[in-house]
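Enquirer: sequence-free structure coming up:
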């Protein structure tokens, strides 16, 4: 089974975005960083698919995790590793 596609919609100066990156890096997974402050079309797209205007917005494959607080809550509940490594879940 292949690793999931992880996308973080982010901006350059977002502390919560950096925290999400650190958490995912600590899990040893790769992710795609989409900087919406550098690409207005991606910002519009992010808003359309999430209904939210804040960053980060995190996806694991097609599952919309939400922001950093949501990612952290999944981690504390012991559910994040299963999403990141479905073969071992």
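Expert: That came in fine, so what should we check first? Quick caveat: nothing in here was measured; it's all calculated off a predicted structure.
Enquirer: Quickly find the element holding the spatially most central residue of the chain.
Expert: When CA atoms, centre = their mean is applied to the chain, the residue found nearest the centroid is residue 58 (2.4 Å). Residue 58 belongs to strand 57-60 when assigned by DSSP states H and E.
Enquirer: Would you mind measuring from residue 25 to residue 40?
Expert: 27 Å (CB to CB, to the nearest Å). All C-beta atoms are positioned from the backbone trio N, CA, C, and that covers glycine.
Enquirer: picking up where we left off before, so what's the residue nearest to the centre of the chain up against?
Expert: Residue 58 sits next to 6-9, 20, 64-68, 70-71 when contact means CB atoms under 8 Å, 6 or more residues apart in numbering.
Enquirer: Whichever of those residues end up buried, select them in ChimeraX.
Expert: Buried subset of these, written as a ChimeraX selection, criterion 16 or more other CB atoms under 10 Å:
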select :6,7,8,9,20,65,66,67,68,71
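Enquirer: Would you report which members of the contacts of residue 58 are assigned to strands?
Expert: Counting by DSSP state E, these place 6-9, 64-66 in strands.
Enquirer: Looking at those residues, which one is closest to residue 35?
Expert: residue 9 (8.3 Å; CB to CB).
Enquirer: looking at the sheet around the closest one, what are its partners?
Expert: residue 34, residue 57 (DSSP bridges).
Enquirer: per-residue confidence for residue 86?
Expert: On the pLDDT scale, residue 86 is placed at 83.
Enquirer: those helices in the chain, which residues are they?
Expert: 15-26, 40-50, 68-76, 80-84 (DSSP state H).
Enquirer: Can you lay out the contacts of residue 58 as a markdown table showing distance to residue 85 and pLDDT?
Expert: As requested, the contacts of residue 58 are exported to a markdown table (distance: CB to CB, whole Å; pLDDT from 0 to 100):
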| residue | distance to residue 85 | pLDDT |
| --- | --- | --- |
| 6 | 12 | 98 |
| 7 | 17 | 98 |
| 8 | 18 | 98 |
| 9 | 23 | 98 |
| 20 | 18 | 98 |
| 64 | 19 | 98 |
| 65 | 15 | 98 |
| 66 | 20 | 98 |
| 67 | 22 | 98 |
| 68 | 20 | 98 |
| 70 | 19 | 98 |
| 71 | 15 | 98 |
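Enquirer: That's all I had, so thanks and see you.
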